[in-house]
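**Student:** Predicted structure and sequence below. I'll ask about it afterward.
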Amino acid sequence: MYLEILNDDGSCNRHFIAQEDYTAETLKKNTAYIHSQSKESNALEIYKAYYGESRAILFDASNQKLYAKLRDLQSKDPFGEEDYLMMFFTSGSTGNPVGALKTKENLDREVKALTKLLEKYKIKKVIVTVPFIHIYGTLLGLLYPLLNNIDIVLKEHFLPHDLLELIDDNTLVVTTPLYIKALTKLDQSKALNRSIFISSTAPLDSKSAQLFISKYDTDLIQIFGSTETGGIAYKTNLETLWTPLDSVTIMTNTESELIVKSPFVSTVLYENGLHCTEGRIETFDYVELEGSQFRLLGRSSKIFKIAGKRYSTIQIESSLEEIEAISKALVFVEADQNSLRGERLNITLESNHKFSAKEIKKIIQNSFSNLKFSIRLTIVDSIPTTEAGKKLLIK
């Protein structure tokens, strides 16, 4: 297989990926620190770590707190003889980043499940917009094509029209909601009925999904999962229910929060020490089981209850972002000791308009009936995002 990197000046770097060129006995069990300097170097270093069986720690170098923590780890090596091939960190969008240790079996078993999911599309080329420090980027953007002998096309910074020009028949585009939404806004269009898009890393609202599918006449698969659990489930096009990936077992606790057991789950997590999961993780996602599938309501920090009914803040974010003066909205549920309900909505808006809390409550109530709730409103010039497009809470 070939790894092709497109440069802004029109030139192209092409690498033939063969196991014998990326295997080194001296790498075994050594720790390699791989940060987000460039997609090209990331890809080559990850392949070297995969074939050389070195223990690769992938991280976002722009996260200064995490960067400092890892510099300290280099001298201590708290992982000892732990069996892992790669370690990925959660985004830390709602707390401190957690390191998820992945064995070669974790990664290979998940790629096998993804291969089964995509088998009918007969993929001949993979285009990747996602950074490889994100587990979704590594699994689908690097390991899936590697283990299926499919060529990869990368660019350091894809513009939406760049992406559109590169897609042809039997192309898989591994991307994020950020690019899906950007592609719907392009003036140009293209029939992509023989290509397939996979989106993950953040929620994609149904309106954006419908616009995208209609505009390009293509298939869209969304993957639901996390760094710790790996992939959990998928849904295609406008489906509302999620179907667990092959080998994934799901159940719920008494609060209707999702429990995941699968061979993709990290058996060891790192957060101020090592913690064993035994391949089973209780998430903070509220779901409704419907036969072998489930309906995703949202995360506990993304769910609030009024009169016994659960509402998702993802839906609220989407309704606020439909307002022309609001570029981005980020909504969380937080504790509020002064409220009778004990919680309120923490709303951050990226906007040049100085909305009042009363105006925002009215907008939300117009979409979700006359709900009674308190809010804490913050208006900023910019809401930061991770490299994968996930919005981050400003603290």
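**Tutor:** That came through, no problem.
**Student:** Strand partners (parallel or antiparallel) of the helix or strand where residue 222 lies?
**Tutor:** In this structure, residue 222 sits in strand 219-226 according to DSSP states H and E. In the sheet, strand 219-226 lines up against strand 196-199 (parallel), strand 230-236 (antiparallel) (DSSP bridges).
**Student:** and the shortest one, C-alpha only, in PDB?
**Tutor:** This points to strand 196-199. C-alpha atoms of strand 196-199 as PDB (Å, rounded to 0.1, in the frame of the first residue of the first chain):
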ATOM      1  CA  ILE A 196     -18.700   6.500   1.600                       C
ATOM      2  CA  PHE A 197     -18.100   9.000   4.500                       C
ATOM      3  CA  ILE A 198     -17.500   8.000   8.100                       C
ATOM      4  CA  SER A 199     -17.900  10.600  10.800                       C
END
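**Student:** pLDDT weak spots in the stretch 151-300 of the chain?
**Tutor:** 300 (pLDDT under 70).
**Student:** need the strands for it, in chain order.
**Tutor:** Taking DSSP state E, counting those that start in this stretch, the strands of the stretch 151-300 of the chain run over residues 151-155, 171-175, 196-199, 219-226, 230-236, 243-244, 249-252, 257-261, 268-270, 274-276, 280-290, 293-299.
**Student:** so can I have TSV of those strands showing mean neighbour count?
**Tutor:** For the C-beta atoms, the positions are set from N, CA and C on the backbone; glycine is no exception. TSV is the format used below for the strands of the stretch 151-300 of the chain (neighbours: other Cβ atoms under 10 Å):
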stretch	mean neighbour count
strand 151-155	21
strand 171-175	25
strand 196-199	24
strand 219-226	21
strand 230-236	22
strand 243-244	18
strand 249-252	15
strand 257-261	20
strand 268-270	20
strand 274-276	12
strand 280-290	17
strand 293-299	19
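**Student:** Next, the residue nearest the centre of the chain: phi, psi?
**Tutor:** A centroid search over the chain (Cα atoms, centre = their mean) returns residue 201, at 1.6 Å, as the residue closest to the centre. Taking degrees, to the nearest 10, you get phi 80, psi -30 for the backbone angles of residue 201.
**Student:** Quick check, it in contact with residue 130.
**Tutor:** Yes: Residue 201 is within contact range of residue 130, at 6.8 Å (criterion: Cβ atoms under 8 Å).
**Student:** In contact with residue 238, which residues are there?
**Tutor:** Applying Cβ atoms under 8 Å, 6 or more residues apart in numbering to residue 238 gives the contacts 206, 209-210, 213.
**Student:** ok, of the residues you listed, which one's closest to residue 347?
**Tutor:** In terms of Cβ to Cβ, no member of the contacts of residue 238 lies closer to residue 347 than residue 206, at 21.3 Å.
**Student:** how far away is that closest one from residue 291?
**Tutor:** Residue 206 sits 21 Å away from residue 291, going by Cβ to Cβ, to the nearest Å.
**Student:** More neighbours: which of the two?
**Tutor:** Between residue 206 and residue 291, counting by other Cβ atoms under 10 Å, residue 206 is the more crowded of the two (13 against 6).
**Student:** List the contacts of the more buried one.
**Tutor:** With the criterion set at Cβ under 8 Å, 6+ apart, residue 206 makes contact with 238, 240.
**Student:** hang on, the earlier thing: format the CA atom coordinates belonging to the strand holding residue 222 as CSV.
**Tutor:** The C-alpha trace of strand 219-226 is given here as CSV (Å, rounded to 0.1, in the frame of the first residue of the first chain):
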residue,chain,number,x,y,z
ASP,A,219,-23.8,7.2,2.2
LEU,A,220,-22.8,8.5,5.7
ILE,A,221,-21.9,6.2,8.6
GLN,A,222,-21.5,7.7,12.1
ILE,A,223,-19.4,5.9,14.7
PHE,A,224,-20.2,6.2,18.4
GLY,A,225,-17.4,5.4,20.8
SER,A,226,-14.7,6.8,23.1
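**Student:** Can you give me the end-to-end span of stretch 164-182?
**Tutor:** 11 Å (Cα to Cα, to the nearest Å).
**Student:** Which positions within it qualify as buried?
**Tutor:** 164, 167, 171-182 (16 or more other Cβ atoms under 10 Å).
**Student:** Closest one to residue 142 out of these, please.
**Tutor:** Taking Cβ to Cβ as the measure, residue 174 is the one of these closest to residue 142, at 9.4 Å.
**Student:** still on that earlier bit, which among the strands paired with strand 219-226 is found nearest to residue 392?
**Tutor:** Of the strands paired with strand 219-226, nearest to residue 392 by Cβ to Cβ is strand 196-199, at 19.0 Å.
**Student:** how far does the closest one sit from the chain's center?
**Tutor:** Centroid separation for strand 196-199 versus its chain: 13 Å, with Cα atoms, centre = their mean, to the nearest Å.
**Student:** Of the contacts of residue 238, which is the most crowded?
**Tutor:** Of the contacts of residue 238, with other Cβ under 10 Å as the count, residue 209 tops at 21 neighbours.
**Student:** Provide a list of residues in contact with that one.
**Tutor:** Contacts of residue 209 (Cβ under 8 Å, 6+ apart): 180, 220, 222, 237-238.
**Student:** What separation do you get for it and residue 295?
**Tutor:** 16 Å.
**Student:** repeat for residue 66
**Tutor:** 34 Å.
**Student:** So residue 119 belongs to a strand, correct?
**Tutor:** No: Residue 119 is assigned helix when assessed by DSSP: H, G, I helix; E, B strand; the rest coil, not a strand.
**Student:** how about the helices of the stretch 51-200 of the chain, start to end?
**Tutor:** 64-76, 104-118, 135-138, 144-147, 160-166, 177-184 (DSSP state H, counting those that start in this stretch).
**Student:** picking that back up, how about the buried residues of stretch 164-182 in TSV, adding distance to residue 256?
**Tutor:** Shown next, in TSV, are the buried residues of stretch 164-182 (distance: Cβ to Cβ, whole Å):
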residue	distance to residue 256
164	41
167	39
171	39
172	34
173	34
174	31
175	31
176	28
177	25
178	30
179	32
180	29
181	30
182	34
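**Student:** Can you tell me which of those lies closest to residue 81?
**Tutor:** residue 174 (33.6 Å).
**Student:** residues touching that closest one, list them.
**Tutor:** 126-130, 136-137, 140-141, 198.
**Student:** Sweet, I'm off.
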